[in-house]
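In: The following block contains a protein sequence and its predicted model.
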Amino acid sequence: MLYEANNIKWDTNGVEANLPTSLSIEVPDHITDGIEVEDYISDDISDQTGWCHKGFDLSPEIEED
């Protein structure tokens, strides 16, 4: 499923960096648990940019079971 991570809050430790405020992330179909989806997206944000983040919003929102 394709998610849009929006309003990404970056942890740059005061370093000036030109980082995106949103990223599109494709989560593999076998990852269905809400916490696993969020963890996958969190890791992918850092993997794509090389930077840590302090949080983000998702669209669509993760459905709770």
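Out: Yes, it's here.
In: In the chain, mark out all the strands, start to finish.
Out: Applying DSSP state E to the chain gives strands spanning 2-11, 23-26, 52-59.
In: In JSON lines: those strands, plus mean pLDDT.
Out: Below are those laid out as JSON lines (pLDDT from 0 to 100):
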{"stretch": "strand 2-11", "mean pLDDT": "97"}
{"stretch": "strand 23-26", "mean pLDDT": "97"}
{"stretch": "strand 52-59", "mean pLDDT": "96"}
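In: Determine which of those approaches residue 35 most closely.
Out: strand 52-59 (12.8 Å; Cβ to Cβ). C-betas here are computed from N, CA, C, even on glycine.
In: ok, residues contacting the closest one?
Out: 3-11, 38, 41-42, 45-46 (Cβ atoms under 8 Å, 6 or more residues apart in numbering).
In: Could you tell me how many residues sit around residue 8?
Out: As a burial measure, residue 8 scores 18 neighbours (other Cβ atoms under 10 Å).
In: so it touches residue 24, yeah?
Out: No - counting by Cβ atoms under 8 Å, residue 8 does not reach residue 24; the two are 12.0 Å apart.
In: still on that earlier bit, nearest to residue 19, of the contacts of strand 52-59?
Out: Closest approach between these and residue 19, by Cβ to Cβ: residue 10, at 5.1 Å.
In: List the residues that contact the closest one.
Out: By Cβ under 8 Å, 6+ apart, residue 10 lies in contact with 17, 19, 51, 52, 53, 54.
In: which ones are touching residue 29?
Out: Applying Cβ under 8 Å, 6+ apart to residue 29 gives the contacts residue 1.
In: Residue 43 versus that one, what's the distance?
Out: Between residue 29 and residue 43 the computed distance is 17 Å (Cβ to Cβ, to the nearest Å).
In: Quick one: neighbours of residue 54, just the number.
Out: Residue 54 has 9 nearby residues by other Cβ under 10 Å.
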